[in-house]
Each structure stands twice: as C-alpha cells, then as structure tokens.
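Trainee: this one's sequence-less:
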C-alpha cells in the first residue's frame, strides 16, 4: 500500500480515537443480539492473512464495510451507528456493501478506495484497516476497565477478559445497561439499538446529576490516569451543577488545600493531586518518576537550554479517599518537592492546580489623594534620623507580602514589628522622644514578683509555659519592650493592643509558638492558625510602621487611604476559571501550561 494511503487510514483512526465513547462503541462493534461461529472480523483477518478471500467476497462482507463506514463517521464527528448498512424491510437484500458504503465515506477515504488499482491493492487496504483496528483495540483495552463519562451522567465501563469484551453503563439511579461480544455471540441487556446506541435507564425520576458507579462516587472506582494530559492545565469540564461539588468539598474538610483536591476528585473522578511547579532544577528526563509514585513532567519550550528555570506538570495518585488520606498524599507531594529543592539547593515554588480559594492578588489603584499620603510617608522616612530601622521594618513587611507561605509571611510581619518596637521602647529612635514609651527594665524585686505570678498560674502543669514566659516576659523582657512600644503608640486599651497581647489568643504568643515550637505547614492545626491570623498581623504591622514613621499621636487617626484595588479576571486563565460546562466557550487553542499561569 502506498505510504500516503496508509497515512490517510492512520489519520482516520487517530481522529476517531478522540471521540472516546463512540470510539469504544466502534471497537466493540455494538449491535443487536448475534450468534456466529467465530467473530466475523477476526475470521476475515485470518482469511486475509491466509490469502483465501477474494475481492468479490470482500465487496459483500457486511461486517467489514460497516466497520469502514463507522470509522469514517466517528472520525468526522458523527455518532457510531450499530447497523449502518442493513437492508430496509421489504427491499431486496444488498449483496455489494462496498457500493452501499462509498457515498457515506469522507472524501479522502472514498478517493483512496476508488483509486485502488487491482485486487491485491484492495485486499492490502482491507488488511491495513484491520491491522489498525486490532492495534486500536489493544491500546483501548490496555486500560482495563476504562471508564468514560457522558453529559447525561452515565459512566460507561469498558472491560476485556479472556472470554469477551464488553461495556457496562452505570446510570445515576443505580441501574445498568450491558453489551458484550465474544467469539460466538454479541448480546446485551437494557440496550437501545437504533440509529445510535442508547440505554434503557429505568426510573427516570430517580436519575441524579452526578456520575455514580453502583451508587458510589466515581472516584472510588479508582479511575486510571488523570484529568489533564501531560503538560496541560484545563478548567474542569463539568456538565452538572458545580455548586453541589463545591458544597460537598466545603463540608468534607476545613482545609482549603484538601477542599480543592476533593473538588477535583469529585468532578473528574480521578483520585489524583495535580499541581504545577516552577524551579531552577533541570531534571535529566522529561518525565521523572519518584519512589512514591509521584511524577514530574518538564514543559519543553523553544530555547530550553538558555533558560535558568523550568516549569513542571506534576501529579500524585492516592487510594485513601478520607480527609486524612488526602492529607497524607499532600504531605508526600510536599516532602518530595521540598526534599528535591533542598538536595540541589535550588529555588522551587509549586501550587495546586485546582483550588476553591483564589490566592491571586489584584492591582492597587491609588487616587491622587492616596499619592499625597504616600509622598508624605516617603519624605518622612527619607528625612528621619530613624531611616535605617524604618527601612528595615518596611523591607521585612514587603518580604511578608511576597511570601505565599502563611507561616513565613507571619514571621516576616512580626519581625518588622519587633525590630521597630524594640528600638522604640529602648529609647534608641528619634521617634522615642515623641511617643515616650515607659521604661520596662525590671528591678530584681519586681522580677521575683513576676516569677511568683507565673509560678502560681502555670506550676506544675505548665512548666514549659512558665519557663518560656519567664524568659521572654521577665528576664529577657523582649515581649515587655514590644508591649511598651504598642502602649506608647496606641494605648493599652486599643483593640490592636488587645489583638497583640491577649494571653489566650494574642499574636505575640502565636509568634513565640511559631518560632520556638517548630511551627510549619507539616502541622496543619498550627498552619491553619497562622493562616487565620495572618490578615490581622498584616494590618497591625502596616499600621505600626505608618504611625511611627509619620509620628501619629496616640488617639489620632492615621492618614486615610482609599485602599482601592482592581482584579482583572481572564476567563481563559485556569487560575481564574475553575470549572465550565464546556471548554468550547473559552478562547484557548491549547492548554499547555504557561509561565504566567503560575503566581
């Protein structure tokens, strides 16, 4: 067969493969009930190999030309037809199925058939069709079982065993439809065999708008693969009411990362964590497999050898669908990526692809009045004798703004406060004379009294707290310095003072735990606590630096800013668009991961 003819056939099968459900019907050759001594297509393939079939016999082979008919139809976007060339009732029986099929083939395939020079070329064409069919069948059923969802919330399970291949359609009301093909028969239950394949679904009013298998969520079936092809990041296509999985995710866990993973699992059916990573590591292989099952796929772009950082598509499969199971899988991802970054001493940033909570920030849009405030702050800092310490505090504050990790951001904001507050309270700043903080150095008798209070409050159950508070509140007096500074700037009745120093919920105590008790994102309770309080600390750090820099008297209001922001949202950006009913409404020509999609 000519190479260009083979390319036409290969292209037809490749296009048909994209129509996953109809392609499955095509490979199974879904029909009504049939009985035979040997599958007709298998028998024809054997005859072609043995060269015992003639061109006339091939012309009259219904099964072969039905296969070719459906190959062309499915490849060109049509639905599979179970009986495309059957003789209508009351009309003469067709004996030349080739002639019947030709008008229905697309132009490239029709011209190929009409251009076959002789019988040998004709039989070689048939052999090529069946070889491609056999290969496609093997590839399709290499995932066994294979699950395919349709917009009507039916999950079709394609399976293959030693005796037969078949499908089992799981309807959302718990009923099933089945078709199977073996070497001796084709049979089905609750199937509608008409111009297209259909199903009897049973009680229509019991159908639900979710994909279920035997009444259970689809992800519990352990679907093979993942939602995105390697190197892609698409919004999730979900034809149901997306509010239902969002509500389910929020009820499943209070952790925002777990919520996003559960939403992905619920809507796609894949028990997988998908993420993206930007790093200064170029791994030796495009696809890297780790001991724990995690995968990293390097996005290849032009002039990769000239780049100093790379983008990776990553994923991790898990089998425990509980909240703790997802926590464990997420920790495995974190351990692998943090360990990889540590091993090679390279900067690495990563993010989950799918989140219910957006972390994208908007753009500040200051007014002219706001710019006057900014100018006042800048000039105050530039002309201040305290410029160096003020700029150090501002730098720490900005570093916190740049961090995506709430614990790191928390420490940065607090460091900005502490560095400024300590020197203010110790009288080392020019601003100290303006705010007049109370001296905090304790006499020996005062220290004894304070230790006695701690002893009565914490001994014997709270030895650790006693020692910690004794060091920081009495001996070292670090916390006393910060208290003194805040009291001089705000007064000890101010709500900011209460937020900072409340014994049970104060941010000072939380800072001590983070720094001295090993807080990290490995301890989710601690991580969540830091995240919950981060907004308050951000605002307090901002206010404290501003008040000290421009010398705002206690009880007076700081300069008023409009705090205007705008947040532009590009629907074709997968960090903006989480879920759609169809990707066709978006303008993207492809979904290959782009650097600008990563924050």
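Mentor: Sure, I can see it. Here the structure is a predicted model, which means the values were calculated and not measured.
Trainee: wait, doesn't residue 234 sit right on residue 574?
Mentor: Yes: counting by Cβ atoms under 8 Å, residue 234 touches residue 574, with 6.4 Å between them. Any C-beta I mention is one placed from the backbone N, CA and C, and that applies to glycine too.
Trainee: Overlap of the contact sets of these two?
Mentor: Here residue 234 and residue 574 share the contacting residues residue 591, scored by Cβ atoms under 8 Å, 6 or more residues apart in numbering.
Trainee: more neighbours, those two?
Mentor: Neighbour count, other Cβ atoms under 10 Å: between residue 234 and residue 574, residue 574 has more, with 23 against 17.
Trainee: which non-adjacent residue is nearest that one?
Mentor: If the residues on either side of it in the chain are set aside, residue 574 comes closest to residue 233, at 4.8 Å by Cβ to Cβ, 6 or more residues apart in numbering.
Trainee: Now do that neighbour against residue 592, distance only.
Mentor: Separation of residue 233 from residue 592 (Cβ to Cβ, to the nearest Å): 8 Å.
Trainee: Looking at the two, which one has more neighbours?
Mentor: Using other Cβ under 10 Å as the criterion, residue 233 and residue 592 rank with residue 233 on top: 23 against 17.
Trainee: can you give me phi and psi for the more buried one?
Mentor: As for residue 233, its main-chain torsions (degrees, to the nearest 10) stand at phi -150, psi 100.
Trainee: for it, what are its contacts?
Mentor: Residue 233 makes contact with 274, 276, 313, 353, 574, 591, 593, 597, according to Cβ under 8 Å, 6+ apart.
Trainee: Cross those against strands and list the overlap.
Mentor: Within the contacts of residue 233, residues falling in strands by DSSP state E are 274, 276, 313.
Trainee: Mind putting these into JSON lines with distance to residue 286?
Mentor: Rendered in JSON lines, the data for those read as follows (distance: Cβ to Cβ, whole Å):
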{"residue": "274", "distance to residue 286": "17"}
{"residue": "276", "distance to residue 286": "15"}
{"residue": "313", "distance to residue 286": "10"}
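Trainee: Residue 59: which of those is nearest?
Mentor: Of all the ones in strands among the contacts of residue 233, residue 59 sits closest to residue 313, with 49.5 Å by Cβ to Cβ.
Trainee: Mind pulling up the pLDDT for the closest one?
Mentor: In this prediction, residue 313 carries a pLDDT score of 97.
Trainee: count of residues packed around it?
Mentor: When neighbours are counted by other Cβ under 10 Å, residue 313 registers 24.
Trainee: Please name the nearest non-neighbouring residue to it.
Mentor: residue 297 (4.4 Å).
Trainee: That neighbour falls within a strand, correct?
Mentor: Yes: counting by DSSP: H, G, I helix; E, B strand; the rest coil, residue 297 is part of a strand.
Trainee: State the mean pLDDT of stretch 420-430.
Mentor: For stretch 420-430, the per-residue pLDDT values average out at 93.
Trainee: Span of it from start to end?
Mentor: End-to-end span of stretch 420-430 (Cα to Cα, to the nearest Å): 12 Å.
Trainee: what sits up against that stretch?
Mentor: Contacts of stretch 420-430 (Cβ under 8 Å, 6+ apart): 384-386, 389-390, 392-393, 431-432, 435, 437, 440, 478, 480-482, 484-486, 488-489, 544-545, 548.
Trainee: circling back to that earlier point, and the ones in strands among the contacts of residue 233, which is closest to residue 553?
Mentor: Distance ranking of the ones in strands among the contacts of residue 233 against residue 553, using Cβ to Cβ, places residue 276 first at 49.2 Å.
Trainee: thinking again about what came up before, redo the contacts of residue 233 as JSON lines? Include distance to residue 325.
Mentor: Putting those into JSON lines (distance: Cβ to Cβ, whole Å) gives the following:
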{"residue": "274", "distance to residue 325": "17"}
{"residue": "276", "distance to residue 325": "23"}
{"residue": "313", "distance to residue 325": "23"}
{"residue": "353", "distance to residue 325": "19"}
{"residue": "574", "distance to residue 325": "26"}
{"residue": "591", "distance to residue 325": "28"}
{"residue": "593", "distance to residue 325": "27"}
{"residue": "597", "distance to residue 325": "28"}
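Trainee: most surrounded residue in these?
Mentor: Once you tally neighbours by other Cβ under 10 Å, residue 353 ends up highest among the contacts of residue 233, having 26 neighbours.
Trainee: mind listing the helices for the stretch 251-400 of the chain?
Mentor: The residue ranges that make up the helices of the stretch 251-400 of the chain, judged by DSSP state H, counting those that start in this stretch, are 256-268, 323-344, 368-383, 387-402.
Trainee: can you list contacts of the second one?
Mentor: Contacts of helix 323-344 from elsewhere in the structure, counted by Cβ under 8 Å, 6+ apart, are 252-253, 255, 257-258, 261-262, 273, 275, 277, 279, 281, 290, 292, 294, 314, 316, 318-320, 347-348, 350, 521-522, 524.
Trainee: of those residues, buried ones?
Mentor: Those of those that meet the buried threshold are 252-253, 255, 257-258, 261-262, 273, 275, 277, 279, 281, 290, 294, 314, 316, 318, 348, 350, 521, 524, by 16 or more other Cβ atoms under 10 Å.
Trainee: give me the low-pLDDT residue ranges for the stretch 1-150 of the chain?
Mentor: Counting by pLDDT under 70, the stretch 1-150 of the chain contains low-confidence ranges at 87-92.
Trainee: Same question for the chain.
Mentor: For the chain, the stretches flagged by pLDDT under 70 are 87-92, 303-306, 359-361, 440-443, 446-447, 464, 466-477, 503-505, 515-523.
Trainee: Specify the residue positioned farthest from the middle of it.
Mentor: If you look at how far each residue of the chain sits from its centre, by Cα atoms, centre = their mean, the farthest one is residue 445, at 60.1 Å.
Trainee: Just list what the host helix or strand of that one packs against, helices and strands only.
Mentor: Residue 445 belongs to helix 444-458 when assigned by DSSP states H and E. When contacts are defined as 3 or more Cβ pairs under 8 Å, 6 or more residues apart in numbering; DSSP states H and E, helix 444-458 sits against helix 463-469.
Trainee: Where do the strands of the stretch 101-250 of the chain begin and end?
Mentor: When assigned using DSSP state E, counting those that start in this stretch, the strands of the stretch 101-250 of the chain occupy the ranges 146-149, 155-160, 164-170, 176-182, 185-189, 191-193, 197-199, 212-213, 216-217, 236-237.
Trainee: Please name whichever of the ones you listed is nearest to residue 374.
Mentor: Within the strands of the stretch 101-250 of the chain, the stretch nearest residue 374 is strand 236-237; the backing value is 41.4 Å (Cβ to Cβ).
Trainee: No more questions from me, cheers.
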